[in-house]
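[1] Structure here, sequence nowhere to be found:
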């Protein structure tokens, strides 16, 4: 059994019998053979600037893998920029990605603005949720990738750029190509090195490693000393984790906050926790996913922020989680009963 392989059993408690640092790659933690093979692939391409496409279900860690690709590459000392394609309104895409000249449009900065491609020049650009781009925006992106140059909004001079592109999607881009929902030429231009991340349910050994990692993390965060229970780990290994690593993280945090005993073995709380998590994944109106964030917000021992800052932070958290869960800015706005432009403005004002 996996528990006996990776853990020491002492009564009803478990302790990990392997060092986490041996299976930590920057911010990635895995001992699964298939995932380790993807790590090897990343190292093999570290000296190249080949585009990479990362696919995997929501919550599998696509952004962490993108960061790792940059971290081990020859561009590691250069800029790493990331864009969630689902959060950029179509009418703002060119000004955000390519920048604009002074006075290019009403409301434009007098100094003009650099676009993401210019900011990421010589570095790495991570395009998350690339499947959410419309066909028209895909065409504009393809031109820049093919020619390595672009023109700012309101400008006439072509600017050259040299960026290493990493794209990610929780949808099967190849299937979208067959359905004419994603441009074939853009797909093949990007899909030089494909990285496919397994869902957590298909890498059970990682459930054990990640559970102990999050246990240690949140014990430090909340000043507790909770222990991992045998029954809890068995339940974790039997569960399907539709929300993947993100759901596991939230579950461990919630259990640490709600469990009264020192050993996390309360099956009643565990069942309620997993049921709540699953409900959220199936129902956009369920916001129990955000319980840990609410706890942090009202805990004076872990925050010196003002009420306005806490509310703004929590608001951004909700917006970002809805976009991740629904898959697009438009669907998130509909679920939250507001407009995509309102969500976009709030996200753009975070800095």
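    Alright, I've got the coordinates. Quick caveat: nothing in here was measured; it's all calculated off a predicted structure.

[2] residue ranges of the helices in the stretch 251-351 of the chain, please?
    In the stretch 251-351 of the chain, the segments counted as helices under DSSP state H, counting those that start in this stretch are 267-282, 291-297, 307-326, 329-335, 340-348.

[3] For the third one, name the packing helices and strands.
    With contacts defined as 3 or more Cβ pairs under 8 Å, 6 or more residues apart in numbering; DSSP states H and E, the secondary structure elements packing on helix 307-326 are helix 291-297, helix 329-335, helix 340-348. Heads up, the C-betas are built off the backbone N, CA and C, glycines and all.

[4] Lowest average confidence across the ones you listed, which one?
    Here those differ in mean pLDDT, and the lowest is helix 291-297 at a mean of 45.

[5] quick one: the residue positioned nearest the centre of the chain from residue 103, how far?
    Geometric centre of the chain, nearest residue: residue 63, 4.6 Å, by Cα atoms, centre = their mean. With the distance defined as Cβ to Cβ, to the nearest Å, residue 63 ends up 36 Å from residue 103.

[6] Ok, residue 120 next?
    According to Cβ to Cβ, residue 120 stands 25 Å off from residue 103.

[7] Who has more neighbours out of the two?
    More neighbours surround residue 120 than the other of residue 120 and residue 103, with 24 against 11 (other Cβ atoms under 10 Å).

[8] where do the strands sit along the stretch 101-250 of the chain?
    In order along the chain, the stretch 101-250 of the chain carries the following strands (DSSP state E, counting those that start in this stretch): 113-114, 124-128, 149-151, 158-160, 164-169, 193-196, 227-229.

[9] closest one to residue 343 among those?
    Taking Cβ to Cβ as the measure, the strands of the stretch 101-250 of the chain were each checked against residue 343, and strand 124-128 came out nearest at 15.8 Å.

[10] ok, that closest one: who's next to it in the sheet?
    Each strand that pairs with strand 124-128, with its direction, by DSSP bridges: strand 80-84 (parallel), strand 164-169 (parallel).

[11] Take those and write them to CSV, including mean neighbour count and mean pLDDT.
    Putting those into CSV (neighbours: other Cβ atoms under 10 Å; pLDDT from 0 to 100) gives the following:
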stretch, mean neighbour count, mean pLDDT
strand 80-84, 18, 94
strand 164-169, 24, 96
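
[12] Make CSV out of the ones you listed and add distance to residue 14.
    Formatted as CSV, the strands paired with strand 124-128 follow (distance: least, Cβ to Cβ, whole Å):
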stretch, distance to residue 14
strand 80-84, 36
strand 164-169, 34
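
[13] nearest to residue 45, of the ones you listed?
    Proximity to residue 45, assessed across these by Cβ to Cβ, is greatest for strand 164-169 (9.8 Å).

[14] For that closest one, what is the distance to the chain centroid?
    Between the mean C-alpha location of strand 164-169 and the chain-wide mean there is a distance of 13 Å, by Cα atoms, centre = their mean, to the nearest Å.

[15] same check, this time on stretch 225-243
    Counting by Cα atoms, centre = their mean, stretch 225-243 is centred 22 Å from the centre of its parent chain.
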